[in-house]
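**Student:** quick one, what's the 3D model for this:
(one chain, ligands or ions: 1)
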Amino acid sequence: MEQHIPDHVPAELVVDLDIYDLPDDEADAHQAWQQFRGHGPLVWSPHNGGHWVAVDGKDIVAMWRDPATYSSWAVGLPDHGMNRQIPIETDPPEHAEYRANIARFFTPAEVNRLEPEIRALAVRLIEGFRERGECEFIGEFAEQLPLIVFLTLMGLPLEDRIPLHAMVEAFARHPDLKVKQDAYMGLRDYLDGWIEKRIAEPGDDVISFIATATIGGRPYTRDEMLSTCTLALLGGLDTVASSLGFWALHLARHPEQRAAIRQSGQGTLLQIINEFLRRFPIPNLSRVVTRDMVHRGVQMKKGDRILLSPSLHNLDPELYPDPFTVDFARSPRHITFGAGPHMCAGANLARSEFKIFLEEWLTRITEFRVKPGTTPVMKAAPTNTVEELWLVWP
Ligand code: HEM
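**Tutor:** Numbering: from 1, shown residues only. Now for the predicted structure:
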């Protein structure tokens with residue numbers, strides 16, 4: 001694989017780790033990220049076009065909050081090199097209006113309105129396999145829930161979920177840039193057809209609203225409509241599904257914590273959700289350095305890419321003692337949803353899906369464990385995930 005090491009990067013800061021191929025990630029994806037530690041606060045990965053990795057938790061959050069120095073112009077590695085995703089790949093000041101146009105669908109009031117439907121869906125999925133005494137959790141539950149919620153929000157047919165899921169998966173985790181680009185264009189083509197339909201015949205769904213949205217007093221271009229709808233799809237599916245995979249695997253191995261969750265009140269449940277979010281971060285996004293500068297003695301140049309990984313921040317022992325232990329007594333300030341102006345616009349919806357999962361699953365399937373003879377498979381990548389998880393119960 002081609003390696004990129006510019007002249008201003010000192011050899012001692014180069015760490016030969018590829019974020020799509022971290023050693024031993026299948027056994028523990030989050031542990032795999034910690035291999036970047038131990039070489040200083042900034043290291044350089046020569047893979048995926050070459051990029052810095054910020055290692056120190058305090059630095060990561062400060063950089064995330066400083067869009068003037070660390071631009072969101074390209075948040076993925078390698079850069080997909082195509083139309084920017086909106087609002088995630090825009091910077092202040094234009095970012096705020098783009099964001100407001102999509103964030104309105106995920107306010108607490110909107111999410112409360114959706115909750116009965118999400119709960120009914122979760123119950124239907126669980127009851128569909130409960131009697132069987134086993135399921136492949138990722139395919140049968142974790143991926144289904146957010147996908148169906150998203151399609152409902154967007155007013156899209158549920159039968160499209162299989163091809164859509166395949167394209168989201170390829171864009172999120174495939175290391176080959178061409179495969180990523182094809183998946184991205186496939187998603188845009190799919191959504192383009194629906195934008196056309198909604199312009200002709202508007203409904204009360206997200207696509208219909210985005211098709212009439214404005215920025216700076218002018219209507220969105222077709223490209224802006226597409227970039228916004230594509231991001232809503234990419235942002236909301238894989239992240240929730242991947243989180244559910246990690247949480248279910250942890251709960252399958254910790255019956256005492258299942259019992260504690262069942263006994264917790266609403267306030268404690270939110271704290272528990274927060275601790276799960278801290279312990280199992282999902283997206284690992286990057287920024288573009290906007291000027292030549294020296295950070296903690298290291299020269300960075302304008303245009304350098306830098307990875308700001310919650311998998312390094314949330315599991316930094318300087319910030320969280322014993323960071324790999326899930327401890328419901330913590331009230332952590334994690335950055336699984338990011339920090340600064342781009343902080344996740346869909347966080348209320350995600351939290352609601354998690355709450356419903358914990359409430360409905362743990363009361364319907366109380367005693368479950370990893371199916372003997374199977375091994376859960378994790379993957380560390382720009383979006384960490386659990387690829388396969390068989391569960392059994394009596
Ligand atoms: C566990 C679930 C989720 C996680 C961990 C997550 C994580 C994140 C993170 C880290 C960012 C910040 C990106 C950056 O700063 O570059 C972000 C932004 C965003 N997320 Fe989420 N997300 C989740 C669920 C969702 C859902 C359910 C939706 C809605 C469908 C959503 C929509 C968005 C949008 C639109 C943005 C862009 C916000 C902006 O640029 O201002 N996310 N998310």
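**Student:** any idea of the pLDDT on the residue of the stretch 101-250 of the chain found nearest the ligand?
**Tutor:** Going by C-beta to the nearest ligand atom, the ligand is nearest to residue 236 of the stretch 101-250 of the chain, at 2.6 Å. Yep, even glycine has a C-beta here, placed from its N, CA and C like the rest. On pLDDT, residue 236 comes in at 81.
**Student:** residue contacts, residue 177?
**Tutor:** The contact partners of residue 177, taken as C-beta atoms under 8 Å, 6 or more residues apart in numbering, are 78, 80-81.
**Student:** relative to residue 151, which of these is nearest.
**Tutor:** The nearest member of these to residue 151, counting by C-beta to C-beta, is residue 80 at 23.5 Å.
**Student:** shouldn't the closest one be in contact with residue 181?
**Tutor:** Yes - taking contacts as C-beta atoms under 8 Å, residue 80 lies within contact range of residue 181: 6.1 Å.
**Student:** got the residues of the stretch 51-200 of the chain near the ligand?
**Tutor:** Taking C-beta under 6 Å from any ligand atom, the part of the stretch 51-200 of the chain that reaches the ligand is made up of 72, 75, 87-88, 99, 102, 106.
**Student:** helices along the stretch 1-150 of the chain, start to end?
**Tutor:** Remark: helices assigned in the stretch 1-150 of the chain by DSSP state H, counting those that start in this stretch are 29-33, 57-64, 94-103, 108-130, 137, 144-154.
**Student:** okay if I get these as TSV plus mean neighbour count?
**Tutor:** Converted to TSV, the helices of the stretch 1-150 of the chain look like this (neighbours: other C-beta atoms under 10 Å):
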stretch	mean neighbour count
helix 29-33	22
helix 57-64	20
helix 94-103	17
helix 108-130	15
helix 137	25
helix 144-154	20
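**Student:** which of those sits closest to residue 357?
**Tutor:** Of all the helices of the stretch 1-150 of the chain, it is helix 108-130 that lies closest to residue 357, at 6.3 Å by C-beta to C-beta.
**Student:** packing partners for that closest one?
**Tutor:** For helix 108-130, the packing partners by 3 or more C-beta pairs under 8 Å, 6 or more residues apart in numbering; DSSP states H and E come out as helix 144-154, helix 347-364.
**Student:** what count of nearby residues applies to the closest residue to the ligand within the chain?
**Tutor:** The nearest approach of the chain to the ligand comes at residue 346, 2.0 Å away (C-beta to the nearest ligand atom). Neighbour count of residue 346, defined by other C-beta atoms under 10 Å: 22.
**Student:** same deal with the one 5 residues further on?
**Tutor:** A count of nearby residues for residue 351, using other C-beta under 10 Å, gives 20.
**Student:** isn't it up against residue 276?
**Tutor:** No - between residue 351 and residue 276 there is no contact under C-beta under 8 Å: 10.5 Å.
**Student:** what's across from residue 215 in the sheet?
**Tutor:** Judged by DSSP bridges, the bridge partners of residue 215 are residue 218.
**Student:** can you pull the contacts of residue 182?
**Tutor:** residue 170.
**Student:** next, it: secondary structure please.
**Tutor:** Secondary structure state of residue 182, per DSSP: H, G, I helix; E, B strand; the rest coil, is helix.
**Student:** so which residues of this structure form strands?
**Tutor:** For the chain, the strands defined by DSSP state E occupy 42-45, 51-54, 70-71, 134-136, 214-215, 218-219, 285-289, 293-295, 298-300, 305-308, 369-370, 377-379, 385-388, 390-392.
**Student:** all helices of the stretch 201-350 of the chain, in order?
**Tutor:** Applying DSSP H, counting those that start in this stretch to the stretch 201-350 of the chain gives helices spanning 206-210, 222-236, 238-253, 255-263, 266-279, 310-313, 347-364.
**Student:** and the ones you listed, which is most packed in?
**Tutor:** Ranked by mean neighbour count, the helices of the stretch 201-350 of the chain are led by helix 310-313 with a mean of 26 (mean count of other C-beta atoms under 10 Å).
**Student:** related to what we said a few turns ago, okay, residue 80 and residue 181: which has more neighbours?
**Tutor:** Between residue 80 and residue 181, counting by other C-beta under 10 Å, residue 80 is the more crowded of the two (19 against 16).
**Student:** so what's the more buried one scoring on pLDDT?
**Tutor:** pLDDT recorded at residue 80 is 81.
**Student:** with residue 175 instead?
**Tutor:** As predicted, residue 175 sits at a pLDDT of 82.
**Student:** tell me how far the nearest residue to it once chain neighbours are set aside lies from residue 151.
**Tutor:** Leaving out its chain neighbours, the residue that sits closest to residue 175 by C-beta to C-beta, 6 or more residues apart in numbering is residue 20, at 3.9 Å. As judged by C-beta to C-beta, to the nearest Å, residue 20 and residue 151 stand 28 Å apart.
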